[in-house]
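Asks: Prediction below, plus the sequence it came from.
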Amino acid sequence: MSAAIETVLHVQSESDLPDLESARDRLRALHRDKRLDGGATVVVHGVSYHLERAFLLTEEDGGSESQPVHYCAAKGEEVRIMGGRE
């Protein structure tokens, strides 16, 4: 049996994962397609993210003990998540 491989997604404004919602949705798709083998880490790169609506995470987004899901800022970078703008 091979060791599980952790999935790492990078949220960057100028990428195919420009925000938290796109990363969450990608993880949901990977989980649904049974391609999330060893848990996941979402690395958010330093910029300000302005949320137009609440960022909703549900039970399915938390992973499990054997396949945990973590969100974190990229090492040495400052991330700001702001909401409630009008």
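Replies: The structure has been received and is ready for your questions.
Asks: C-alpha only now, for contacts and for neighbours.
Replies: Will do.
Asks: any idea how far the strand or helix carrying residue 50 is from the chain center?
Replies: Assigned by DSSP states H and E, residue 50 belongs to strand 48-51. Centroid displacement of strand 48-51 relative to its chain, using C-alpha atoms, centre = their mean, to the nearest Å, is 15 Å.
Asks: got the CA positions of that strand in CSV?
Replies: Coordinates of the C-alpha atoms in strand 48-51 are reproduced here as CSV (Å, rounded to 0.1, in the frame of the first residue of the first chain):
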residue,chain,number,x,y,z
SER,A,48,-6.2,41.5,0.4
TYR,A,49,-9.2,39.5,-0.4
HIS,A,50,-12.5,41.4,-0.4
LEU,A,51,-15.5,39.1,0.1
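Asks: Pull up the pairing partners for the next helix or strand after that strand, direction included.
Replies: Following strand 48-51 in sequence order, the next helix or strand is strand 69-73 (DSSP H and E). Strand 69-73 pairs in its sheet with strand 40-44 (parallel), by DSSP bridges.
Asks: Quick check: buried residues in the host helix or strand of residue 29?
Replies: Taking DSSP H and E as the definition, residue 29 sits inside helix 20-32. Neighbour counts over helix 20-32 (16 or more other C-alpha atoms under 10 Å) mark 20-21, 23-24, 27-28, 31 as buried.
Asks: What is the nearest of these to residue 59?
Replies: residue 28 (11.1 Å; C-alpha to C-alpha).
Asks: just checking, the closest one touches residue 63?
Replies: No. Using C-alpha atoms under 8 Å, residue 28 is not in contact with residue 63; the gap is 9.8 Å.
Asks: Can you give the distance of stretch 28-40 from its chain's centre?
Replies: How far stretch 28-40 lies from its chain's middle: 12 Å, per C-alpha atoms, centre = their mean.
Asks: so where's the chain shaky on pLDDT?
Replies: Within the chain, the segments meeting pLDDT under 70 span 1-3, 84-86.
Asks: how far away is the closest residue to residue 36 other than its chain neighbours from residue 7?
Replies: Spatially, and ignoring its direct neighbours in sequence, residue 36 is nearest to residue 30 (5.4 Å; C-alpha to C-alpha, 6 or more residues apart in numbering). From residue 30 across to residue 7, the span is 9 Å (C-alpha to C-alpha, to the nearest Å).
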